[in-house]
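Novice: sequence unavailable; structure follows:
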C-alpha cells in the first residue's frame, strides 16, 4: 500500500466554537465520537468521517499542536517506525492501539513537523 492521507484533525482549545466556525464556513456536519472533546467531521453525505476536531494536545514537548494534524494510512506501522528513525525522524508517541480502528504512531520529521501513521485494523483490541 502506498501511504495515503486518511485523516486530519484540527486541534483547538474550544471544540464547540471551532465546530460552529467550520460548520458556518464550509457547511460541515459533525457527530460526537470517542472520548470527550473529539468530534468527527462528516463528508457531504453526512455518514462517513473525513476528519475531526479535537481538544488541543502536545505532540512536541512544550509546544501545543497548532494547525491541521495529518494521519497517513500504512500497511505496517512497525516497519514505518523503523523507516522514520532511519531517515532522521523522531518518534513522538510510540504505537498505541485504538480498539476497532487500528494501531497509531506519532512522529516528527527532520523539519520539525509532527504527523501520524495508522495501520487500520477493525479487529484491533
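Specialist: Alright, I've got the coordinates. Values in this document were obtained by computation on a predicted structure and should not be read as measured data.

Novice: can you give me the helices in the protein?
Specialist: 15-26, 77-86 (DSSP state H).

Novice: dump those to CSV, plus mean pLDDT, mean neighbour count and distance to residue 94.
Specialist: Where you see a C-beta, it was placed from the backbone N, CA and C, and this is true even at glycine. Putting these into CSV (pLDDT from 0 to 100; neighbours: other CB atoms under 10 Å; distance: least, CB to CB, whole Å) gives the following:
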stretch, mean pLDDT, mean neighbour count, distance to residue 94
helix 15-26, 91, 14, 26
helix 77-86, 95, 15, 8
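
Novice: in CSV, list those helices along with distance to residue 99.
Specialist: Shown next, in CSV, are the helices of the chain (distance: least, CB to CB, whole Å):
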stretch, distance to residue 99
helix 15-26, 22
helix 77-86, 15
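
Novice: pLDDT score for the closest residue to residue 58 other than its chain neighbours?
Specialist: What sits nearest to residue 58 in space, not counting adjacent residues and going by CB to CB, 6 or more residues apart in numbering, is residue 64, at 5.6 Å. pLDDT, residue 64: 89.

Novice: go on, the one 5 residues further on?
Specialist: According to the prediction, residue 69 has pLDDT 90.

Novice: contacting residues around it?
Specialist: By CB atoms under 8 Å, 6 or more residues apart in numbering, the contact set of residue 69 is 8, 9, 10, 11, 59, 114, 115, 116.
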